[in-house]
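[1] Model the following, please.
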Amino acid sequence: MSESLLKLPRSLQIFVLIEVFGYGAAAAWALPRSHAAVVAGLITILAAAGLVQPVPHPFGGISDVNSGLVIVSALLWTPQDVLLGVGVGSFIGLILFRKNELWRAATNGAGWGLPAAAATAVARSIVSSMPTGMVTLVLAAILAVATNRFTNTGIFAIYRAIRFGRPFISNWYQSIVFQWSGQLLSAPLAVVLAEIAGRIGTTWGGLGLTAAYTLALPVARQEFAYYNRAQQMLDETVEAVVRALEGTDPAARAHGDRVSKLAVEVGRRFAMSERGLLALRLASRLHDVGQLAGPETSILGEHHAAAGERILAQFSDGMIAEFVQAHRERWDGKGVHNQRKGAEIPLGGRILAAAETYDSVRSGLRPFEVPRSQREAAIYLRSLAGNVLDPKVVTTLLKVAAEQDTDDRSASHER
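    Next up is the predicted model:
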């Protein structure tokens, strides 16, 4: 959906302007120190890379697959050339092939160009200070991957913190570790191409080998796509179960969605892994799935969550069932399952327990007869902190709940 920069929050407008003008200042410094043929070639290559469409990210946004192209460039060219080639080339590709708005293409171009230049500076310092050979190129490639990853994700974590209010540190950490192995797998081909280019020893040969890496981009995209397709299939399965659950409890979907939204944001604040957040999101939607077993579970003296655990055990990601099971534990060790206590209880289970309790109080779900105010819910959760619930989780959850409540009220006023 098209967005005007002028309609974005003022703080985000300022960030975009600082980023773009910062890149512009660096580009003005780099231009007279760059090599025209190399810059023109890199701009063409990076613009053409825009033809390879990104992959939707499981938590929103997109995952681009051109990091390997950046690493090849970092091993072959100067920081000035890479700064201009990656930044301007990406900008052109986003405009021509992805139809991005001018401001979005500019901030993405700057957000890719500056980290790429930093990665190149690190790689070139290694190459220039160590003996020529594959070992040197491998070390340079690994450090270039790390530098590009840390810098690029840092810039976009700031963007998300300003725009969506996500905590910077935990969001940055999650972005760094997400499919980290895939980033490192881009290094071997980059090293091979750089070694061949060094033996050829010509500018056009190096540009040709840089361009050759674009042939691997569809393969890298497919790797991302397979991962995300697996998540999509899991989501579709969960959706089918939720629809069935609605037949037993019409309020189950809305309750699960609210718990999921709250729990995942709390999980982010605790810097949970990407996989952990995905499992927590699904476990939150499915924590009452045992109701599908029907009322006969109570006749057998079995809590419906135990039946739910057996259902969830059929899912490919065992962490989902683990979180559902763990949310029945108590912080003081007097829970109804394994009687684990404190930090022995998986973090996802502790968060799910607090989120479910909070939403049940606010919504008046059983065992609560009527909906309670945010203040009353906070008082109730604090009374459980240290015995039933993790006190640190309670503190963070109440903060997140207050923020989300404010956002929801603002959205309702806008409508």
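[2] CA only for contacts and neighbour counts going forward, please
    Will do.
[3] ok, and what's touching the helix or strand hosting Leu262?
    Assigned by DSSP states H and E, Leu262 belongs to helix 252-269. The contact list for helix 252-269 (CA atoms under 8 Å, 6 or more residues apart in numbering) reads 167, 170-171, 242-243, 245-246, 277, 280-288, 348, 351-352, 355-356, 359-360, 393, 396-397, 400-401.
[4] could you flag which of these are buried?
    If you count burial by 16 or more other CA atoms under 10 Å, the buried members of those come out as 167, 170-171, 242, 245-246, 277, 280-288, 348, 351-352, 355-356, 359-360, 393, 396-397, 400-401.
[5] returning to that earlier point: in helices, which of the contacts of helix 252-269 fall?
    Judged by DSSP state H, the contacts of helix 252-269 include 170-171, 242-243, 245-246, 277, 280-286, 348, 351-352, 355-356, 359-360, 393, 396-397, 400-401 as members of helices.
[6] What separation do you get for Arg281 and Ala161?
    20 Å (CA to CA, to the nearest Å).
[7] do the same with Lys399
    Counting by CA to CA, the gap from Lys399 to Ala161 is 16 Å.
[8] cool, Ile18 as well?
    Ile18 is 16 Å from Ala161, by CA to CA.
[9] Show me where the stretch 51-200 of the chain has its strands.
    55-56, 62-63 (DSSP state E, counting those that start in this stretch).
[10] Now do the buried residues in stretch 126-136.
    For stretch 126-136, by 16+ other CA under 10 Å, it's 126-127, 136.
[11] Next, count neighbours for Ala110.
    Other residues near Ala110 number 29, with proximity taken as other CA atoms under 10 Å.
[12] no, scratch that, I was asking about Pro367
    9.
[13] Regarding it, what is its secondary structure?
    Using DSSP: H, G, I helix; E, B strand; the rest coil, the secondary structure recorded for Pro367 is coil.
[14] Next, give phi and psi for it.
    When quoted as degrees, to the nearest 10, the phi and psi of Pro367 stand at phi -90, psi 10.
[15] how close does it sit to Glu274?
    33 Å.
[16] Without its sequence neighbours, what residue ends up closest to Leu46?
    Nearest residue to Leu46, sequence neighbours excluded (CA to CA, 6 or more residues apart in numbering): Gly89, at 4.7 Å.
[17] what sits against Ala146?
    Residues in contact with Ala146 (CA under 8 Å, 6+ apart) are Ala119.
[18] State the pLDDT value of it.
    Ala146 carries a pLDDT score of 91 in this model.
[19] ditto for Ser273
    pLDDT recorded at Ser273 is 79.
[20] Spit out the contact partners of it.
    Ser273 touches 174, 177, counting by CA under 8 Å, 6+ apart.
[21] Backbone dihedrals for it, please?
    phi -70, psi 160.
[22] residue ranges with poor pLDDT in the stretch 101-250 of the chain?
    For the stretch 101-250 of the chain, residues meeting the criterion pLDDT under 70 lie at 178-186, 215-250.
[23] before we move on, the earlier item: report the buried residues of the helix holding Leu262.
    For helix 252-269, by 16+ other CA under 10 Å, it's 252-253, 255-269.
[24] Render the CA-only coordinates of it in PDB, please.
    Output in PDB follows, covering the C-alpha atoms of helix 252-269 (Å, rounded to 0.1, in the frame of the first residue of the first chain):
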ATOM      1  CA  ALA A 252     -12.000 -18.600  21.600                       C
ATOM      2  CA  ARG A 253     -10.700 -16.900  18.500                       C
ATOM      3  CA  ALA A 254     -10.900 -13.400  19.800                       C
ATOM      4  CA  HIS A 255      -9.400 -14.400  23.200                       C
ATOM      5  CA  GLY A 256      -6.600 -16.300  21.500                       C
ATOM      6  CA  ASP A 257      -5.800 -13.500  19.100                       C
ATOM      7  CA  ARG A 258      -5.600 -11.000  22.000                       C
ATOM      8  CA  VAL A 259      -3.500 -13.200  24.100                       C
ATOM      9  CA  SER A 260      -1.200 -13.900  21.100                       C
ATOM     10  CA  LYS A 261      -0.700 -10.200  20.400                       C
ATOM     11  CA  LEU A 262       0.100  -9.400  24.000                       C
ATOM     12  CA  ALA A 263       2.300 -12.500  24.600                       C
ATOM     13  CA  VAL A 264       4.400 -12.000  21.500                       C
ATOM     14  CA  GLU A 265       5.200  -8.400  22.300                       C
ATOM     15  CA  VAL A 266       6.200  -9.400  25.800                       C
ATOM     16  CA  GLY A 267       8.400 -12.200  24.300                       C
ATOM     17  CA  ARG A 268      10.100  -9.600  22.100                       C
ATOM     18  CA  ARG A 269      10.900  -7.500  25.200                       C
END
